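Asker: This is the structure alone, sequence omitted:
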């Protein structure tokens, strides 16, 4: 049964095998979950059956800490197991179920996660909760000062010519790019953020308009080898199209660098906090994190924020720190460096 | 499969040739020449990585092309670390691993530079991927030692170096903390970028599965030590199999569409 046959060895054997069985179960469930896709896997791992397995895992970790003296004597092993326990505890504390339970038992009104839509220059305090799909009110308002999208420079004009030849020309106003001796050259004359046609008398004039938009476009001039000049408009939002006599197919491409929402936290008419949030830079206020989640892709008039409760997060992070210190202490400091020093 | 007729491609092919020649020459007894060619392969791989970094303007760990390039560049220094710090052999395996991991970069994956999408513009991007790259190399080397143990083939026995099973264990001991750190950094990054430290994404779940597999290995080895050395070695081989699935199948298959799909 055990390697040394003593009671101590038997305890260790039982604890390790129990751990091994739980790890094995979680291993196969993880692979099963990977085939389900994120949303179904999330439901699966929060199902009542899985809650039993999570509780068994938690109980197993506590049991191992109580029974195994080796775990208590070895700092690294102890930290690893305590870390895993802390992560599990934090996950439970921060779960939607725990939020609901705290509301029922203690009247603490805090939702786990939700989304809110805020229009530019407006304040909003309503959040659509994800778990219950109900509308909840925050104890403060959030005002969207401005929402903007930033693009990588340079932007590109994609040109497709006859015989599957293609060019990606960086957009530089006024600079002429020679394509080849059959096609001539191309020059970007103007760029528009919100392209509109204005009719003045009998003339149609291209203008960069304010108001609802955007409609990014480029005005380009094509010069063929005989010196004939034609002007064309290329739109980012409308795929390239060409007439039968056209030799070139043109497209305007920009790559998004960032989405930025400038937010203000307002309570009783006073601004309590202010931050420009973007992906990887959320705002933390009043027990919630506010993330840049989505936006109005048509007109860029509103932003969609994801609001997530910070309950249990400290426990999860503490668990991560313990886990990392534990593995490095046990395997690197004690296992490799320690042994090397001993050998020397 | 496409050949890259670029300076970047040329560097990769030269590095592959260096590693392969080093392997062949060493196999036929030319130890000194083999070492020289191995070093040459590494320098060229390092140049290829540095050139890519300069070319794209950010840490080149964004997609599978760049990750395989990083793997090909890291095998040599980690091999030195293993030999002189861990006392584990495997120079010949390093030469072969170096060539094998550069093959997908040279012939399979596109080298077209891409801008970093907003989610990847984080200070955690570099450390998260780099730590995984290092961990995967250690686990790949561990699997090589495990295979050597199972087939009973220890080509260059050196009294100062560990046996294949012990070597595999040492490698896993070094790689496991890195695997843990990679998982934790990824989780912290997920929290910053998407609002959740665990999104039940296929890649996350496969990474967790590989972590659990090695955690299981340690529990098993803690019970039986080296009594079932072959089973210990099978754990190590199963580990690298799951890692390959995590790295390639999850990113390339439409079956596992998720948050990490951009990393192709």
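Answerer: Cool, got the structure. Just so we're clear, the structure is a prediction, and the values are computed from it rather than from any experiment. Numbering: from 1, shown residues only, chains lettered A, B, ... in the order given.
Asker: Quick one: neighbours of residue A:330, just the number.
Answerer: Residue A:330 has 22 neighbours, counted by other C-beta atoms under 10 Å in any protein chain shown. Every C-beta, even on glycine, is put in place using the N, C-alpha and C of the backbone.
Asker: same thing with residue A:71?
Answerer: Other residues close to residue A:71 by other C-beta under 10 Å number 21.
Asker: ditto for residue B:22
Answerer: 29.
Asker: Next: residue A:180.
Answerer: The number of residues near residue A:180, taken as other C-beta under 10 Å, comes to 11.
Asker: Next, give phi and psi for it.
Answerer: Backbone torsions of residue A:180, given as degrees, to the nearest 10, read phi -160, psi 180.
Asker: What segments of the stretch 1-150 of chain B are helices?
Answerer: B:7-27, B:31-56, B:64-81, B:91-103, B:125-151 (DSSP state H, counting those that start in this stretch).
Asker: Against which helices or strands is the first one packed?
Answerer: Pointing back at helix B:7-27 there. helix B:31-56, helix B:64-81, helix B:91-103 (3 or more C-beta pairs under 8 Å, 6 or more residues apart in numbering or on different chains; DSSP states H and E).
Asker: List the buried residues of the last one.
Answerer: Same thing as helix B:91-103. B:91, B:92, B:93, B:94, B:95, B:96, B:97, B:98, B:99, B:100, B:101, B:102 (16 or more other C-beta atoms under 10 Å in any protein chain shown).
Asker: mind showing which ranges of the chain have poor pLDDT?
Answerer: Since no chain was named, I'll use chain A. Within chain A, the segments meeting pLDDT under 70 span A:1-6, A:8, A:132, A:211-213, A:240-241.
Asker: you looked at the wrong chain, it should be chain B
Answerer: Looking at chain B by pLDDT under 70, you get B:1, B:153-159, B:257-264.
Asker: domains in it, as residue ranges please.
Answerer: Here the domain parsing of chain B from automatic domain parsing is B:1-109, B:117-264.
Asker: same deal with chain A?
Answerer: Split by automatic domain parsing, chain A gives A:3-94+A:313-343, A:113-148+A:261-308, A:153-254.
Asker: May I see those domains organised as CSV, with distance to chain B added?
Answerer: Formatted as CSV, the domains of chain A follow (distance: least, C-beta to the nearest C-beta, whole Å):
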stretch, distance to chain B
domain A:3-94+A:313-343, 4
domain A:113-148+A:261-308, 4
domain A:153-254, 10
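Asker: Out of these, which is closest to residue B:8?
Answerer: With C-beta to C-beta as the criterion, residue B:8 lies closest to domain A:153-254 of the domains of chain A, at 17.6 Å.
Asker: what's the closest of the helices and strands packed on helix B:7-27 to residue A:334?
Answerer: Per C-beta to C-beta, nearest to residue A:334 of those: helix B:64-81, 18.4 Å.
Asker: gap between that closest one and the chain center?
Answerer: 7 Å (C-alpha atoms, centre = their mean, to the nearest Å).
Asker: re the thing from before, export the domains of chain B to TSV and tack on distance to residue A:287?
Answerer: Shown next, in TSV, are these (distance: least, C-beta to C-beta, whole Å):
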stretch	distance to residue A:287
domain B:1-109	35
domain B:117-264	14
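Asker: For the top helix by length along chain A, list every residue counted as buried.
Answerer: Longest helix of chain A, by residue count under DSSP state H: helix A:7-36. Residues of helix A:7-36 classed as buried by neighbour count (16+ other C-beta under 10 Å): A:11-16, A:18-20, A:22-23, A:26-27, A:29-31, A:33-34, A:36.
Asker: before we move on, what about stretch B:210-225?
Answerer: Neighbour count says stretch B:210-225 has B:210-223 buried, by 16+ other C-beta under 10 Å.
Asker: just these that are near chain A?
Answerer: Under the cut-off given by C-beta under 8 Å from any C-beta of the partner chain, chain A has B:212, B:213, B:215, B:216, B:219, B:220, B:222, B:223 from the buried residues of stretch B:210-225 close to it.
Asker: How about the most centrally placed residue in chain A, nearest residue that isn't a chain neighbour?
Answerer: In chain A, the residue lying closest to the centroid (C-alpha atoms, centre = their mean) is residue A:279, at 6.4 Å. Of all residues not flanking residue A:279 in the chain, residue B:118 sits nearest, at 3.9 Å (C-beta to C-beta, 6 or more residues apart in numbering or on different chains).
Asker: now residue A:56
Answerer: Residue A:56's closest residue in space is residue A:22 (C-beta to C-beta, 6+ apart), at 6.8 Å.
Asker: can you give me the helices in chain A?
Answerer: Under DSSP H, chain A gives helices at A:7-36, A:38-45, A:48-67, A:69-73, A:75-93, A:96-106, A:313-327, A:339-343.
Asker: ok, the residue of the stretch 1-150 of chain B at minimum distance from chain A - how many residues close by?
Answerer: Going by C-beta to the nearest C-beta, chain A is nearest to residue B:118 of the stretch 1-150 of chain B, at 3.9 Å. Residues lying near residue B:118 (other C-beta under 10 Å) number 19.
Asker: Just the buried residues of the longest strand along chain A, please?
Answerer: Criterion DSSP state E: the longest strand present in chain A is strand A:135-151. Within strand A:135-151, the residues that count as buried by 16+ other C-beta under 10 Å are A:136, A:138, A:140, A:141, A:142, A:143, A:144, A:147.
Asker: Pick out the most distant pair among those.
Answerer: For the buried residues of strand A:135-151, the maximum inter-member distance is 22.9 Å, found between A:136 and A:147 (C-beta to C-beta).
Asker: ok, back up a step: can I get the helices of the stretch 1-150 of chain B in CSV including distance to residue B:241?
Answerer: Shown next, in CSV, are the helices of the stretch 1-150 of chain B (distance: least, C-beta to C-beta, whole Å):
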stretch, distance to residue B:241
helix B:7-27, 23
helix B:31-56, 25
helix B:64-81, 17
helix B:91-103, 15
helix B:125-151, 8
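Asker: residues in contact with residue 113?
Answerer: With no chain named, the answer covers chain A. A:96, A:129, A:130, A:131, A:306, A:307, A:308, A:309, B:195, B:196 (C-beta atoms under 8 Å, 6 or more residues apart in numbering or on different chains).
Asker: wrong one, I was asking about chain B
Answerer: Counting by C-beta under 8 Å, 6+ apart, residue B:113 has contacts B:55, B:56.
Asker: what does residue A:112 give?
Answerer: Per C-beta under 8 Å, 6+ apart, neighbours of residue A:112: A:94, A:95, A:96, A:99, A:129, A:130, A:131, A:308, A:309, A:311.
Asker: among those, who's most crowded?
Answerer: That'd be residue A:308 among the contacts of residue A:112, by other C-beta under 10 Å, with 25 neighbours.
Asker: Touching stretch A:306-317 from outside, list them.
Answerer: Contacts for stretch A:306-317 (C-beta under 8 Å, 6+ apart): A:86-87, A:89-95, A:98-99, A:110-116, A:127, A:138, A:284, A:287-291, A:293, B:188, B:191, B:195-197.
Asker: Now, of those residues, which are buried?
Answerer: Taking 16+ other C-beta under 10 Å as the criterion, what is buried in the contacts of stretch A:306-317 is A:86-87, A:89-95, A:98-99, A:111-114, A:116, A:127, A:138, A:288-291, A:293, B:188, B:191, B:195-197.
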